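Asker: Next comes the sequence, and after it the predicted model I'd like to discuss.
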Amino acid sequence: HAVLMTLGFMPLFFVGFLFTAGPKWLRLPDVGARQILPGVATMLTGWVVLLAGAYLHAAMAALGMGLVALGWALLAGRFVGMVRRSPAPDRLHATLIAVASTVGLLIMVVAALGLATQNFAWVRMVALLALWWFITPVYGVVAHRMIPFFSASAVPSLDAWRPNWLLWTLLGVMFMQGGWVCLEWLSSQTPTWLLIVRVVTSLLSGVSLLALAVRWGLWRSLRNRLLAMLHLGFVWLGVAFCLDAFTVGMRLRGVDIPTLLPLHALTMGFLGSLLLAMVTRVSCGHSGRTLVADALAWGLFWALQLATVLRLLATLWPAQAEHLLVAAATAWLSTLLVWGARHGRWYGQPRVDGRPG
């Protein structure tokens, strides 16, 4: 579940974004779907083989992960080539995404080795490192570039404040969190003083990220539903760091709260909410529709928030975990089925405004 959701679903989502927005960022010609088809097809084939191998043989699962890595190498290599050819004066965001994509490729190779040797503790660590050193940094880079830009475009009183030092700070706290993952894997007993450092740094990071959400115009964004979806999704990143500080702090007091609490705040709350918000916006724009979140889109967004809260409650309330997990999964699946069915009807059709595309 962890490997598939982290290294399977998210990189394919990135492909759709990077090869549509990427050429515009880099001032390059559009990338046709056929150009990225070999990489996407190889990755999809790899996941089918891996899932079959999970039930049949470890070598088959490792082969599948190897195919996934090969497919991602084709896609990431194309994007790196685009960055190198770009005449754009500002390539910082695209370059950082290219670096994160390369890190993701290395992680996929290590995952294949872990599956081949049946070292599943290693595979679990790889999944978490992929989250903090690959997936979340790409989200952070895109958020730094796009959220202030969208905010300033939709709300004239807001400025597109996104200094580069802020970007480096965002990436720093994400990579630091990956470092804690490595430390937990390498040491069965983390020293108390390091746990205290983690509590302090996670709490400071979380509070700072919540303050950043306010600085980017969280409250004023609520007047625009589509913009509010982006801002509220970003809030979950700050919440995830605060919950990490809470779980580690409780561990210091002898109370064991599963790390799934901050993990699902990050994955379902931050990654899931921003994915729904961004794809909704891009789908409206590329289909020639008005850039607004109608009642259905707004309702689906809040259904996703409900699914996330139910999943967190399942961690905090073990006695009702079974019922809460079923409710969270049902809400999540129902939301994405309706959302996917709606936008799926738009894809492949002519733009409703009559423009090319």
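Answerer: In hand now; what should we look at? Residues are numbered from 1 along each chain as shown.
Asker: can we go C-alpha only for contacts and neighbour counts from here?
Answerer: Will do.
Asker: Following the chain onward from the lowest-mean-pLDDT helix or strand in the chain, which element is next?
Answerer: Least confident helix or strand, the chain: helix 2-3 with a mean of 85, by mean pLDDT, DSSP states H and E. Later in the chain than helix 2-3, the nearest helix or strand by DSSP states H and E is helix 10-26.
Asker: residue ranges for the helices of the stretch 1-150 of the chain, please.
Answerer: Listed in chain order, the helices of the stretch 1-150 of the chain (DSSP state H, counting those that start in this stretch) span residues 2-3, 10-26, 33-56, 58-85, 92-116, 120-130, 136-154.
Asker: With distance to Ala328 and mean neighbour count as new columns, can those helices be given to me in TSV?
Answerer: Formatted as TSV, the helices of the stretch 1-150 of the chain follow (distance: least, C-alpha to C-alpha, whole Å; neighbours: other C-alpha atoms under 10 Å):
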stretch	distance to Ala328	mean neighbour count
helix 2-3	17	17
helix 10-26	20	17
helix 33-56	24	17
helix 58-85	29	22
helix 92-116	29	21
helix 120-130	22	20
helix 136-154	23	20
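Asker: Among those helices, single out whichever gets nearest to Gly254.
Answerer: With C-alpha to C-alpha as the criterion, Gly254 lies closest to helix 120-130 of these, at 24.1 Å.
Asker: name the helices or strands packed onto that closest one?
Answerer: For helix 120-130, the elements it packs on are helix 2-3, helix 92-116, helix 164-186, judged by 3 or more C-alpha pairs under 8 Å, 6 or more residues apart in numbering; DSSP states H and E.
Asker: mind checking how far that helix is from the chain centre?
Answerer: Chain-centre distance of helix 120-130: 16 Å, with C-alpha atoms, centre = their mean, to the nearest Å.
Asker: would you put the C-alpha positions of that helix in PDB?
Answerer: C-alpha atoms of helix 120-130 as PDB (Å, rounded to 0.1, in the frame of the first residue of the first chain):
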ATOM      1  CA  PHE A 120      10.600  -5.500   3.800                       C
ATOM      2  CA  ALA A 121      11.800  -3.200   6.600                       C
ATOM      3  CA  TRP A 122      14.100  -1.700   3.900                       C
ATOM      4  CA  VAL A 123      11.200  -1.300   1.500                       C
ATOM      5  CA  ARG A 124       9.100   0.500   4.200                       C
ATOM      6  CA  MET A 125      11.900   2.900   4.900                       C
ATOM      7  CA  VAL A 126      12.200   3.500   1.100                       C
ATOM      8  CA  ALA A 127       8.500   4.300   0.900                       C
ATOM      9  CA  LEU A 128       8.800   6.900   3.700                       C
ATOM     10  CA  LEU A 129      12.000   8.400   2.200                       C
ATOM     11  CA  ALA A 130      10.200   8.600  -1.200                       C
END
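Asker: quick one: low-confidence parts of the stretch 1-150 of the chain?
Answerer: Nowhere does the stretch 1-150 of the chain drop to pLDDT under 70.
Asker: can you map out the helices along the stretch 201-350 of the chain?
Answerer: For the stretch 201-350 of the chain, helices defined by DSSP H, counting those that start in this stretch occupy the ranges 218-221, 225-252, 260-264, 273-286, 295-316, 321-344.
Asker: if you compare those, which one is most tucked away?
Answerer: Of these, the one with the most neighbours on average (mean count of other C-alpha atoms under 10 Å) is helix 225-252, at a mean of 23.
Asker: Let me know the average pLDDT across it.
Answerer: For helix 225-252, mean pLDDT is 94.
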